[in-house]
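Participant: Sequence and predicted structure below; questions after.
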Amino acid sequence: MVSSTTTSIRTNGATNRKTAPVFVLGCGRSGTTLLYHMLLSAGGFAIYRAESNAINLLEPRFGDLSRPRNRNLLLEAWFDSRLYELSGLDQKQVRAQVMAECRNGGDFLRIIMESMARQQGTERWADCTPEHLLYLDRIKETVPDALIIHIIRDGRDVALSMEKGNWIRPITRQKKQKLAVAGLYWEWIVGKGRQYGRKLGNDYMEVRFEELVTDPPRVLREIGKFIDHDLDYKRILENGIGSVSEPNTSFKGETKGGAFNPVGRWKEKFSPAEVRRFEGLVGQTLEELGYPLATTQSNLLESSKLKSRRALYRAYFNSKLWLKAKTPLGKLFVTKDLSWV
C-alpha cells in the first residue's frame, strides 16, 4: 500500500526533480556529513542535524509497519529519542499522520521530513544516513522520487579514520587487523552502493570527496544540476551550517600554514608494511576508482592469504546484511532504545 505522502508530489508518474528528496550517502567517514551540511547551507532544504536511520535501523527493528502495533512501538521509541527532539515537530500531529499513512520505513521518513519542510517553509528535504547506501533498492521502492548522491573517498583515508574511531572490529579481535578490516568494509559497502546505483540511471550520481574539498564550486555546480537546485558556493560559506563553518577545513580554503588537510593523510600515517598489506587487499578497487597505488609489488595483489581474508570478510558482511534486512534475526542487530543515535 502506497501512502498518500508518496503520491502527493508525483504527477502522472513523473518526478518533480526540483522538489524530490535527496539522499547523501556513502561509507562512513567519507564526507557525507560535510556534503549534507553544504546542501543545508545552500537553503531550500529542511534543516535536520541528524541521521534518520529510518531504513537501516527503524524498519528492521519494528518490522511490518502496516501493523498498527508496530507503528505504535516505533513512535514510542522515536518520541523518546534525540531524533524526535531535533525535529521540532508536534508529537500529536506526527502520531496522527504516521498512524494514518505510514506502511513502511520510507513512508515514515517522508512523513517526518515533509512535516519539517512544511514547518520550516522549505520545498524539499535531504537524508544523510551513510548506511542507507546498502538499502538503495528499498529506498527507491518506498521513496520512488529519491535522488541518490554517493560520495566516495580514498579507502586508505577512510580506513584510518575508522580505525581511530573503532568503527569496524575484526572477527578475531586482533588489533593489528583493524586497519585492513576497515579497508575491506570500505570496499564492500562502496561496491554495494555502486552495484545498486547502476540500476537507478539518472537518479544516481557519484562524487569524489577529494574533488569536493579541493574544488567545491565546480563539484557543487555539477551536483546542483543533478538535483536541480541552486548550490551557490558563496551563500553556502555565508550560512555555514555545521561542518561547513568548522575552522581549519579545506572546504573554506584554510590549508595554509600546515592547517588541517583531509586528503592523502594515509601517506604520512601508514607504515610501508601497512601500505603493502592494505593495497594487497583492496588495491584493485582503489585503482578502479581512480586512486593510484603506492605498492609496486604486483604479486602481493594476488596473495592467496590476502584473497582468503578478503573472501571471509565479504561473506561476513553480506551475511550480516541479509540477516538484518531479510529475517526476524535483524532485530538482534538494532536496539529499541534510540537514545544513542
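Facilitator: Alright, I've got the coordinates. Numbering: from 1, shown residues only.

Participant: Please count neighbours and contacts with C-alpha atoms only from this point.
Facilitator: Will do.

Participant: quick one: the helices in the stretch 201-341 of the chain?
Facilitator: Taking DSSP state H, counting those that start in this stretch as the test, the helices found in the stretch 201-341 of the chain are 209-214, 216-227, 233-239, 266-269, 272-288, 304-326.

Participant: Need the CA coordinates for the first one. PDB is fine.
Facilitator: Taking Å, rounded to 0.1, in the frame of the first residue of the first chain, the C-alpha atoms of helix 209-214 are listed here in PDB:
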ATOM      1  CA  PHE A 209      35.400  13.600  -1.700                       C
ATOM      2  CA  GLU A 210      38.800  14.800  -2.800                       C
ATOM      3  CA  GLU A 211      37.300  16.900  -5.600                       C
ATOM      4  CA  LEU A 212      34.700  18.300  -3.300                       C
ATOM      5  CA  VAL A 213      37.200  19.700  -0.800                       C
ATOM      6  CA  THR A 214      39.700  20.900  -3.400                       C
END
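
Participant: Figure out how far it is from the centre of its chain.
Facilitator: Averaging C-alpha positions (Cα atoms, centre = their mean, to the nearest Å) puts helix 209-214 17 Å from its chain's average.

Participant: And the longest one, by the same measure?
Facilitator: For helix 304-326, the distance from its own C-alpha centre to the chain's C-alpha centre is 20 Å (Cα atoms, centre = their mean).

Participant: And it, what does it pack against?
Facilitator: Contacts defined by 3 or more Cα pairs under 8 Å, 6 or more residues apart in numbering; DSSP states H and E place helix 304-326 against helix 178-197, helix 272-288.

Participant: So what sits opposite residue 150 in the bridge?
Facilitator: residue 25, residue 206 (DSSP bridges).

Participant: what does the model give it for pLDDT?
Facilitator: On pLDDT, residue 150 comes in at 98.

Participant: How about residue 103, nearest residue that isn't a chain neighbour?
Facilitator: Excluding its sequence neighbours, the residue lying closest to residue 103 (Cα to Cα, 6 or more residues apart in numbering) is residue 66, at 4.3 Å.

Participant: State the phi and psi torsions of that neighbour.
Facilitator: phi -80, psi -10 (degrees, to the nearest 10).

Participant: which ones are touching it?
Facilitator: Residues in contact with residue 66 (Cα atoms under 8 Å, 6 or more residues apart in numbering) are 102, 103, 104.

Participant: The second one: neighbour count?
Facilitator: Residue 103 has 21 neighbouring residues, counting by other Cα atoms under 10 Å.

Participant: ok, it touching residue 65?
Facilitator: Yes - Residue 103 lies in contact with residue 65 (Cα atoms under 8 Å); the separation is 4.8 Å.

Participant: nearest to residue 309, of the helices and strands packed on helix 304-326?
Facilitator: helix 272-288 (8.2 Å; Cα to Cα).

Participant: the inter-axis angle of the closest one versus helix 304-326?
Facilitator: Counting by axes from the mean of the first three to the mean of the last three Cα atoms, to 10 degrees, helix 272-288 lies at 60 degrees to helix 304-326.

Participant: Can you show me the CA trace of helix 272-288 as PDB?
Facilitator: Only the C-alpha atoms of helix 272-288 are listed here, as PDB (Å, rounded to 0.1, in the frame of the first residue of the first chain):
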ATOM      1  CA  PRO A 272      55.300   0.700   4.500                       C
ATOM      2  CA  ALA A 273      54.100  -2.700   5.700                       C
ATOM      3  CA  GLU A 274      50.500  -1.400   6.200                       C
ATOM      4  CA  VAL A 275      50.500   0.100   2.700                       C
ATOM      5  CA  ARG A 276      51.500  -3.200   1.200                       C
ATOM      6  CA  ARG A 277      49.000  -5.200   3.200                       C
ATOM      7  CA  PHE A 278      46.200  -2.700   2.700                       C
ATOM      8  CA  GLU A 279      46.700  -2.400  -1.100                       C
ATOM      9  CA  GLY A 280      47.100  -6.100  -1.400                       C
ATOM     10  CA  LEU A 281      43.600  -6.500   0.000                       C
ATOM     11  CA  VAL A 282      41.700  -3.700  -1.800                       C
ATOM     12  CA  GLY A 283      44.200  -2.300  -4.400                       C
ATOM     13  CA  GLN A 284      42.100  -3.300  -7.400                       C
ATOM     14  CA  THR A 285      39.100  -1.400  -6.100                       C
ATOM     15  CA  LEU A 286      41.300   1.700  -5.400                       C
ATOM     16  CA  GLU A 287      42.600   1.600  -8.900                       C
ATOM     17  CA  GLU A 288      39.100   1.200 -10.400                       C
END
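
Participant: Next, the angle helix 178-197 makes with it.
Facilitator: Orientation note: helix 272-288 sits at an angle of 10 degrees relative to helix 178-197 (the same axes, to 10 degrees).

Participant: Okay then, goodbye and thanks.
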